[in-house]
Each structure stands twice: as C-alpha cells, then as structure tokens.
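Asks: Quick one: sequence and predicted model below, then my questions.
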Amino acid sequence: MLLVDTNVLLAGADISTPEHDRCAALLDERTDLALSAPVAIETAWMIESRLGPRAEAAFVSSIADGELVVVDLTSGDWARCAELLRIYHDMRLGLVDASVVAVAERLGLTTIATLNRRDFAVVRPSHVDAFDLVP
C-alpha cells in the first residue's frame with residue numbers, strides 16, 4: 001500500500017503544474033493507493049477551489065470506485081497527531097501531514113508519495129528511521 005499526500009493528488013489532477021507528469025504517472029501505475037481521511041478532505045477542497053466542481057466530483061468518484069482507499073483515523077491516530085503537532089510545533093506540521101505520519105506508523109508503511117520534502121524528511125516516524133519519499 002502506498003500512502004499518498006494531498007500535493008501528489010493535486011498535481012496529478014492539475015495538468016498546469018510542473019509536477020503533473022511524474023505525479024500522474026505514479027498515480028496511474030499503482031493500484032494500491034491509500035490516503036488518510038484528512039488528506040481526502042483537503043484534496044477535495046483544493047481540487048474544487050483550483051480546478052472546479054467537476055474535477056472534485058471526479059476525485060470523489062475515484063474514492064467511491066475504490067481507486068483510492070480512505071483510511072479513517074483511530075483514536076490512537078488522533079492522539080499521535082496531537083503528539084506530532086506538539087513535537088513539531090515550530091515547523092507548523094499541521095493535522096493533515098500529522099495524519100499521514102500516524103497512519104503510516106499504524107500500518108507499518110515506510111514509503112509516502114509526497115512532494116513535501118520539507119516536513120516528511122524532518123519528521124521521525126516511530127517505526128523506521130525515516131520515510132522513503134516518492135516520486
């Protein structure tokens with residue numbers, strides 16, 4: 001399973017972004033894509049605000065059709081998010097990125113699809129020394 005961050009999904013949907021080709025290729029080649037519930041909400045909002053309601057509907061349909069699996073947060077994930085927000089307060093990590101870390105830790109995932117090297121290269125997950133970041 002590959003955990004995907006908002007920026008990769010947005011770049012994959014938006015052909016005007018410089019990262020579109022590599023993100024779209026990654027999203028097209030993988031069949032095991034998952035995202036945290038906060039990533040799903042943030043992505044839908046950003047796609048709608050930048051690309052319009054039809055693009056947002058297409059994104060939501062990809063979830064409904066099972067192309068993307070949304071992972072809900074457990075109470076333990078919420079607690080871990082709060083802990084990460086406290087630990088990385090100086091970086092202003094944010095709930096969405098903290099949710100990616102918490103879900104990755106719970107599921108034992110070591111690779112994250114993200115363009116956000118700034119945060120995910122700094123955050124130290126509890127289950128590995130560092131995340132592998134793609135694309």
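Replies: Looks like it came in fine. Fair warning: this is a prediction, and the values are worked out from it, not measured in the lab. Numbers count the residues shown, from 1 in each chain.
Asks: Which residues belonging to the worst-scoring helix or strand of the chain on mean pLDDT are considered buried?
Replies: Comparing helices and strands within the chain by mean pLDDT, DSSP states H and E singles out helix 117-120 as the least confident, with a mean of 93. Across helix 117-120, burial judged by 16 or more other C-beta atoms under 10 Å covers Asp119, Phe120. C-beta here means a position set from N, CA and C on the backbone, and glycine is covered the same way.
Asks: For it, what is the distance to the chain centroid?
Replies: Here the centre of mass of C-alpha atoms in helix 117-120, compared against the chain's by C-alpha atoms, centre = their mean, to the nearest Å, lies 12 Å away.
Asks: Residues in contact with it: which ones?
Replies: Applying C-beta atoms under 8 Å, 6 or more residues apart in numbering, the set of residues contacting helix 117-120 from outside is Asp5, Tyr88, Met91, Leu93, Asp97, Val100, Val101, Ile112, Thr114, Phe131, Leu133.
Asks: Could you check how many residues crowd around the last one?
Replies: To tie it back to what came earlier, the one meant is Leu133. Each residue near Leu133 was counted by other C-beta atoms under 10 Å, and the total is 15.
Asks: Is it correct that it falls within a strand?
Replies: Yes. In this structure, Leu133 lies within a strand as judged by DSSP: H, G, I helix; E, B strand; the rest coil.
Asks: Right, I'll call it a day here.
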